[in-house]
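>>> pasting the sequence and the predicted model now:
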Amino acid sequence: MSEPLPPEQPDLARQARQHLASLKSAGIEFLPFAKQAAPPPATPPAAPAPAPRVATPPVSVPAPPKPAPTSEPAVIAATALFNEPAIAAATEEVLSPDQRRQELTVLAERVKSCTRCDELVANRSRTVFGVGPISPDLCFIGEAPGMDEDRKGEPFVGAAGQLLNRIIAACGLKREEVYIANICKCRPPQNRTPLPPEAANCREYLDRQLELVKPKFICTLGACATQNLLQTRIGIMKLRGSWQEYRGIPVMCTLHPSYLLHVPEAKKDVWDDMKKLLQRMGRPIPGQK
Ligand code: SF4
């Protein structure tokens, strides 16, 4: 059976005219004019249509590194305890002694304007950064400034500081030869121990300070300094007299001089610790043949 033939063109025109006439008689004067779309260009191919807007997860952009006290590279805050391998600084950095001194000054200025710890900022007269030469054989690290230190802007200048001076002298050293710093650079109210968040806030400064000072040996004074520097919760009575390590620097832990002011009989323990320290430093032990 054959396909029906399409109607002739004249029939189409006639049907269209009849349809328009019926529309006109119904009162319809105009018909919408549909503009014919232009044919797509042959070349180049049309750009793909934009994708429909749908909810997408936020683009993950890495956070910028935490602002450092100076323009120094980021510092890894971990320390090696019990002779674990030291963790190197994030970026190799070779500075001359003069550059390190300059950087240390910049760091101290930055610390001066630090407002990270509300309570300490409200309580301090000034920040107490640290004192001593760069590249010393020995650096003492204490807890935080007390009233006298807060007044003078120098660590260990009160009664505990006088005792530390005597310990340093007993070791055959001069105070000017050693570097002295604290875990926290601002005085806590009523000389309380710095809170963990305060020590954590100040850690960045301490790490950078030690990176610039480059002591050959460190001696921590008391539980707060020892536990914070070494990031451990082991008690000072267990740690004192033992060798630890901070970024490859040998650390001798001992008791805080202010403890010795209350418990003078513990001076012997500290002296034992100092003898170990001097021995490893290759220095003579005064009073010992
Ligand atoms: S203790 Fe350290 S971190 Fe806290 S306000 Fe003082 S300088 Fe800043």
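Sure thing, it's come through.
>>> can you pull out the low-pLDDT segments for the stretch 101-250 of the chain?
Applying pLDDT under 70 to the stretch 101-250 of the chain flags no residue at all.
>>> and the helices in it?
With helices called from DSSP state H, counting those that start in this stretch, the stretch 101-250 of the chain shows them at 118-123, 147-152, 159-170, 196-213, 222-230, 236-239.
>>> for the closest residue to Ala223 other than its chain neighbours, give me its contacts.
Leaving aside its chain neighbours, Ala223 sits nearest to Ile236 (3.9 Å; criterion: Cβ to Cβ, 6 or more residues apart in numbering). All C-beta spots, glycine's among them, are computed from the backbone N, C-alpha and C. For Ile236, the contacting residues are 222-223, 226-227, 253, 255, by Cβ atoms under 8 Å, 6 or more residues apart in numbering.
>>> looking at those, which has the most residues close by?
Neighbour counts for these (other Cβ atoms under 10 Å) peak at Thr226, which has 28 neighbours.
>>> okay, now Arg100: neighbour count?
Arg100: 17 neighbours (other Cβ under 10 Å).
>>> part of a strand, is it?
No: counting by DSSP: H, G, I helix; E, B strand; the rest coil, Arg100 is not part of a strand but helix.
>>> isn't it up against Leu210?
No: with contact defined as Cβ atoms under 8 Å, Arg100 does not count as touching Leu210 (11.2 Å).
>>> so what's the closest residue to Glu143 other than its chain neighbours up against?
Distances taken as Cβ to Cβ, 6+ apart put Cys224 closest to Glu143, at 4.1 Å, once the chain neighbours are dropped. Going by Cβ under 8 Å, 6+ apart, Cys224 touches 143-144, 183, 193-194, 199, 256.
>>> report the beta-bridge partners for Tyr179.
Judged by DSSP bridges, the bridge partners of Tyr179 are Cys139.
>>> hang on, His256 packs against Ala159?
No: under the criterion of Cβ under 8 Å, His256 is not in contact with Ala159, lying 11.8 Å apart.
>>> look at those two and report which has more neighbours.
Using other Cβ under 10 Å, the more surrounded residue of His256 and Ala159 is His256, with 23 against 13.
>>> got the contact list for the closest residue to that one other than its chain neighbours?
Among residues not flanking His256 along the chain, Gly222 sits closest, at 2.9 Å (Cβ to Cβ, 6+ apart). Going by Cβ under 8 Å, 6+ apart, Gly222 touches 142-143, 236, 255-256, 258-259.
>>> between these, which is nearest Gly282?
Leu255 (23.8 Å; Cβ to Cβ).
>>> the ligand contacts on the stretch 101-250 of the chain?
Proximity of the stretch 101-250 of the chain to the ligand, by Cβ under 6 Å from any ligand atom, involves residues 111, 114, 116-117, 120-121, 127, 184-186, 198, 201-202, 205.
>>> among the residues you listed, which ones are buried?
111, 114, 117, 120, 127, 184-186, 198, 201-202, 205 (16 or more other Cβ atoms under 10 Å).
>>> can those go into CSV with extra columns for distance to Val94?
Shown next, in CSV, are these (distance: Cβ to Cβ, whole Å):
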residue, distance to Val94
Val111, 24
Cys114, 27
Cys117, 33
Leu120, 34
Thr127, 28
Cys184, 30
Lys185, 27
Cys186, 32
Glu198, 32
Asn201, 29
Cys202, 26
Tyr205, 21
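>>> now for the contacts of Ile236: which two are most distant?
Gln227 and Leu255 (13.1 Å).
>>> and Val251, helix, strand or coil?
Under three-state DSSP, Val251 comes out as strand.
>>> what's near enough to touch it?
Val251 touches 217-220, 229-230, 243-245, counting by Cβ under 8 Å, 6+ apart.
>>> from Ala160, how far off is the closest residue to Val178 other than its chain neighbours?
Closest residue to Val178 apart from its sequence neighbours, by Cβ to Cβ, 6+ apart: Leu138 at 4.7 Å. From Leu138 across to Ala160, the span is 18 Å (Cβ to Cβ, to the nearest Å).
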